[in-house]
Each structure stands twice: as structure tokens, then as C-alpha cells.
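A.B. asks: Quick one, fold the following:
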Amino acid sequence: MYVATLLTSPTAPSLDHILVESLRNAWGGGDIRWLSTNEAAEFPLTEVPGNRWDAWAELQQLGVDLIVQPSEGRRKEMLLADMDSTMIQQECIDELADEAGVGDRVKDITARAMNGELDFEGALIERVGLMAGLDEAVIGKVLNERITLMPGGKNLLGTMRGNGAYAALVSGGFTAFTARVAKELGFDENRANTLLTQDGKLTGDVQRPILGRQAKIEALEQISTRLGISEAEVIAVGDGANDLGMLERAGTGVALHAKPSVAAQCDVRVNHGDLTALLFLQGYHRDEFEQA
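C.D. replies: This next block holds a predicted model:
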């Protein structure tokens, strides 16, 4: 058995009841269950429709996300999340680069790396090198003035942890940022790269080994093994090419507002919803959400 979930932006919920019913009827689905009025609905299916991606493309034009997934085991025991442009709305390294006066150059490298055009490790070393000599205190300034949480993150963490799930933040960014974000959102642990400093200044290098795509896969393997759960019991979320490994391995891998080349390789794509979409995908009703 499968389940089709339709959802839209929570800031302007506009999911049309007739639209949902029409798709359900066309696909021969079961009873519709509304997870949030005008925002999210689901219905069961006996098979994956052959025109699934055609329907997805049409609904995207209407501001609606469509996900079809197996219904069994969709409520997960672990959340594995990327940080930059996933749990927060920015790329930390780009914000630091702005303060260092090399913002445009670094942003271009970041975009290409996240789209899979550049080797992640090499791109990280190059970008960090451009910030050599930057005052370490700038990190706190960026955290306080430039970093904002992705909408729905506190609901996601509160609800999943409230239902016994474990949450890990795994980033190709920096521990100086993941430590603050993990604490604010309620993650159980965080992993990231460490910026090296000397005499209160960034040296322009990071501690080895560098945490990239493979390290995120290893985090999935190590943490799930430690918890005694299978990788199928994990929901992972990210947006960049370095997230693809963990998104492919996890039971549910969610490409959230992802780069086109990344989204194209994922079955679960959320372009209009926020992080609460991960709760709807697991069958949670909005009434079950822990409020931020």
C-alpha cells in the first residue's frame, strides 16, 4: 500500500478540496484525510500511479507539493538534517564571507558546489582560505545578526522528539554554527567542520578530516546502529549535492527547496511547504504538532 500526500505553503494555505478529490478519483484512491485545513491532505493508494511525475509537474505550477510513498513504516524514529538552507535560511560560509568582503566570490563557489558542479572538499578549502585573517568574533556577529531559522523547524523537532525520535544535525558547515542551531532547535547531537583559529583570527583552514558527503552517510550508519534502528527508520532532509548520499540511504530522503540537480535525484521533493512538511509526510495531523 502507498499514500499520496498533497501540501502547500503554510503561510498561504490554498490546497483546493476539489483538486484533491479529483486526483484521488483519477487514481482510484481511498478516503481523503485532511491533515491541516486547506494545507495538507492524504489518501491511500494500492499502487504508484504511472503518471505520478506528470501530476507532480502540474501541481507544482499551482504551488502544491505531491509525494507518493509506501504507507508502511513512514513514521520515523530518527531525523537526520542538514543545516545550511535546510534548518536555517542561510549558508553560513556565505554570511561570513560577506563580513570578510569576499561575499560574491564565495557565494558563486557555494552555489556551484551545492549544485554538484564542484568537489565539495576542494570548494570548502578554497572558500575558507579566502577568509584568512577574519576576526573570530565575527562568527558571533553573524549568528546574532544574519542567521534565521527555517520556518517549521521547532515544530518538527518538538513533535518528533516528543514522540520518542532522535535528532541529529549533520553539516558540511561549521561547529561554531551547528552548536548554536542544535541547541536552539533541540537536536540531540550535531556534527560539522571546525574552523581553525590563531590569536583570535581565522587561519583560513579547517580541521581535518573534512566532513562532506561521505561523512553524512557515515553519520546515518553510525547513529542508527548506536540507536539500534534500521536506516529505513530514518527521515533525512537536505538541499545540496553533498546531502544526496544520506537522502538516498535513509528510509525517507527529503529534498527541501533543493537545487534542481539534487531534487531530480530524489523521489520526495518539497518546494512549497516548510519543515512541517516532514511531519505531514509521516502522517501527523497539525493538531499533533508541538507548537514552537
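A.B. asks: quick one, what contacts residue 129?
C.D. replies: 204, 205 (CB atoms under 8 Å, 6 or more residues apart in numbering). Backbone N, C-alpha and C define where each C-beta goes, glycine included.
A.B. asks: How much space separates it from residue 185?
C.D. replies: 30 Å (CB to CB, to the nearest Å).
A.B. asks: cool, residue 4 as well?
C.D. replies: 29 Å.
A.B. asks: same check, this time on residue 291
C.D. replies: In terms of CB to CB, residue 291 sits 14 Å off from residue 185.
A.B. asks: With residue 120 instead?
C.D. replies: Counting by CB to CB, the gap from residue 120 to residue 185 is 24 Å.
A.B. asks: Looking at the two, which has the bigger crowd around it?
C.D. replies: Neighbours were counted for residue 120 and for residue 185 using other CB atoms under 10 Å; residue 185 has more, 24 against 19.
A.B. asks: got the residue ranges for the strands in the stretch 101-250 of the chain?
C.D. replies: 166-174, 189-193, 195-198, 201-206, 234-238 (DSSP state E, counting those that start in this stretch).
A.B. asks: So which of those is the most surrounded?
C.D. replies: Highest mean neighbour count among those (mean count of other CB atoms under 10 Å): strand 234-238, with a mean of 28.
A.B. asks: Check the chain for its longest helix and report it.
C.D. replies: helix 213-227 (DSSP state H).
A.B. asks: So for that one, what gets flagged as buried?
C.D. replies: Using 16 or more other CB atoms under 10 Å as the test for burial, helix 213-227 gives 213, 215, 216, 217, 219, 220, 223, 224, 227.
A.B. asks: Let me see the contact set for the nearest residue to the fourth one once chain neighbours are set aside.
C.D. replies: In space, residue 217 comes closest to residue 245 once its chain neighbours are excluded; the distance is 4.3 Å by CB to CB, 6 or more residues apart in numbering. Remark: with contacts taken as CB under 8 Å, 6+ apart, residue 245 is in contact with 213, 214, 216, 217.
A.B. asks: Would you mind checking which of the residues you listed the model is least sure about?
C.D. replies: The lowest pLDDT within the contacts of residue 245 belongs to residue 213, with 89.
A.B. asks: Model confidence score at the closest residue in space to that one that isn't next to it in sequence, please.
C.D. replies: Spatially, and ignoring its direct neighbours in sequence, residue 213 is nearest to residue 242 (4.3 Å; CB to CB, 6+ apart). Residue 242 carries a pLDDT value of 92.
A.B. asks: OK, contacts around residue 242?
C.D. replies: Counted by CB under 8 Å, 6+ apart, residue 242 has contacts 113, 114, 120, 172, 212, 213, 216.
A.B. asks: Next, find the distance separating it from residue 33.
C.D. replies: Separation of residue 242 from residue 33 (CB to CB): 35 Å.
A.B. asks: Let me know the average pLDDT across stretch 73-81.
C.D. replies: 98.
A.B. asks: Report the buried residues of that stretch.
C.D. replies: For stretch 73-81, by 16+ other CB under 10 Å, it's 74, 75, 76, 77, 78, 79, 80, 81.
A.B. asks: go on, stretch 42-58?
C.D. replies: Quick answer for stretch 42-58 (16+ other CB under 10 Å): 42, 43, 45, 49, 52, 55.
A.B. asks: So what sits opposite the third one in the bridge?
C.D. replies: It stands for residue 45. For residue 45, the beta-bridge partners under DSSP bridges are residue 2.
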